[in-house]
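J.: have a look at this prediction, sequence included:
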Amino acid sequence: MRLGEGVRKIERNDGLDPAVSLFKRVAGRIPRGRARDLLNGVQLGHPAHPILVQLPIGAWMSAVLLDLLPGDHRRSAHALVNTGLLATLPAVVSGLADWSQQHARQQRVGVVHAASNAAGSLLFASSSLARARDRQGWGRVLALAGVGAVALGGSLGGHIAYYRAGGANSADHLTDLVPGGWHDLGPLDGFGEGEPVRASLGDVPVVVVRTGDAVRAVLGTCTHMGAPLADGSFADGCLRCPWHGSGFDMDDGSVVHGPATAGLETLETSVTGGTVRVRRLPPDA
């Protein structure tokens, strides 16, 4: 059986739900606004957590490699172990911010992912202590065990990121399904003033917002977790997701607030003879 299929047993394990609830309460203490957006990676345009985990993992792997090489690398390996420990905090907090806005199946795996990485961090902390006491053999053994625990945690993180698309753009495929040319969506007076209205281009969902005679349209699926944006709200030029509160600028589709990091695809609009028409923006627009 493939590892990804085996991990699905964790997704169905409701015995993990008390831990999920505890972690959610902790995540609720992360302040909303710019700080959380930074942790989510809004400014980067993609999640920050996968980048932030590279430093502790890289430092620890380098320390273990130095342990295995001939020569005296004790000081350098110890410094790398400590660097990895210091770098875990931003990685943990960013991961917690992302995890708190995912579905239950991802959150259950995330709890085990966090436990495995916590075990790895504890082993590396023990390795650092052993090295400080000049017990180099124990320092090396504990570091090797730490790499194993972190590797398991990383594989579970990969399941969340790739098998379950946690952090991936959940609406990117829709861009390629939009048919070419102009398409009628309906009469202008059929779209309520200042509220998101559901429309479609074949099987592609679209959200239309009319303000006076101006009409704006975007693809209607949230890039974060695939929520139907027509069920959301609109205020001050911002379309807000009904599930996790991501905000998108209706003028250009850019992310105003996370947890989404990828913007929406906007459509060119026109009102002809009282009928709202849309088309996919040209590649050079």
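T.: Perfect, thanks for sending it.

J.: CA atoms for contacts and neighbours, from now on please.
T.: OK.

J.: state the mean pLDDT of the strand or helix carrying residue 64.
T.: For residue 64, the element it lies in under DSSP states H and E is helix 54-68. Averaged over helix 54-68, pLDDT sits at 97.

J.: what packs against that helix?
T.: The helices and strands touching helix 54-68, judged by 3 or more Cα pairs under 8 Å, 6 or more residues apart in numbering; DSSP states H and E, are helix 74-99, helix 136-158.

J.: for residue 253, find the nearest of these.
T.: helix 74-99 (20.9 Å; Cα to Cα).

J.: now the closest one: mean pLDDT?
T.: 96.

J.: grab the nearest non-local neighbour of residue 61.
T.: Ranked by Cα to Cα, 6 or more residues apart in numbering and with sequence neighbours excluded, the top spatial neighbour of residue 61 is residue 147, at 7.1 Å.

J.: end-to-end on stretch 162-175?
T.: 20 Å (Cα to Cα, to the nearest Å).

J.: buried sites along that stretch?
T.: 166-172 (16 or more other Cα atoms under 10 Å).

J.: likewise for stretch 65-81?
T.: 66-67, 74, 77-78, 80-81.

J.: residues touching residue 234, list them.
T.: 194-196, 240 (Cα atoms under 8 Å, 6 or more residues apart in numbering).

J.: what about 10 Å?
T.: Each residue near residue 234 by Cα atoms under 10 Å, 6 or more residues apart in numbering is listed here: 194-196, 209, 240-241, 247-250.

J.: any idea of the mean pLDDT in the longest helix along the chain?
T.: Longest among the helix segments of the chain by residue count, using DSSP state H, is helix 104-132. Helix 104-132 carries an average pLDDT of 97.

J.: buried set for that helix?
T.: 104-114, 116-131.

J.: in a markdown table: the buried residues of stretch 65-81, plus distance to residue 40.
T.: Putting the buried residues of stretch 65-81 into a markdown table (distance: Cα to Cα, whole Å) gives the following:
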| residue | distance to residue 40 |
| --- | --- |
| 66 | 33 |
| 67 | 35 |
| 74 | 36 |
| 77 | 31 |
| 78 | 31 |
| 80 | 26 |
| 81 | 26 |
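
J.: so where's the stretch 151-285 of the chain shaky on pLDDT?
T.: Judged by pLDDT under 70, the stretch 151-285 of the chain has its weakly predicted residues at 283-285.

J.: could you dump the contacts of residue 234 to CSV with distance to residue 12 and secondary structure?
T.: Listed next are those as CSV, based on distance: Cα to Cα, whole Å; DSSP: H, G, I helix; E, B strand; the rest coil:
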residue, distance to residue 12, secondary structure
194, 41, coil
195, 38, coil
196, 35, coil
209, 39, strand
240, 30, strand
241, 27, coil
247, 31, strand
248, 33, strand
249, 36, strand
250, 37, coil
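
J.: and of the residues you listed, the nearest to residue 48?
T.: Of the contacts of residue 234, the one sitting nearest to residue 48 (Cα to Cα) turns out to be residue 247, at 18.0 Å.

J.: and the residue nearest to that closest one when sequence neighbours are not counted, how many neighbours does it have?
T.: Spatially, and ignoring its direct neighbours in sequence, residue 247 is nearest to residue 240 (4.4 Å; Cα to Cα, 6+ apart). Residue 240 has 25 neighbouring residues, counting by other Cα atoms under 10 Å.

J.: for residue 240, give the beta-bridge partners.
T.: residue 233, residue 247 (DSSP bridges).

J.: just checking, it touches residue 256?
T.: Yes - using Cα atoms under 10 Å, residue 240 makes contact with residue 256 at a distance of 9.3 Å.

J.: which residues do the two both contact?
T.: 246-250.

J.: neighbour count and distance to residue 180 added to those, as JSON lines?
T.: Converted to JSON lines, the shared contacts of residue 240 and residue 256 look like this (neighbours: other Cα atoms under 10 Å; distance: Cα to Cα, whole Å):
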{"residue": "246", "neighbour count": "23", "distance to residue 180": "29"}
{"residue": "247", "neighbour count": "26", "distance to residue 180": "27"}
{"residue": "248", "neighbour count": "26", "distance to residue 180": "24"}
{"residue": "249", "neighbour count": "21", "distance to residue 180": "24"}
{"residue": "250", "neighbour count": "25", "distance to residue 180": "21"}
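
J.: nearest to residue 181 among the residues you listed?
T.: Nearest member of the shared contacts of residue 240 and residue 256 to residue 181, counting by Cα to Cα, is residue 250, at 21.2 Å.
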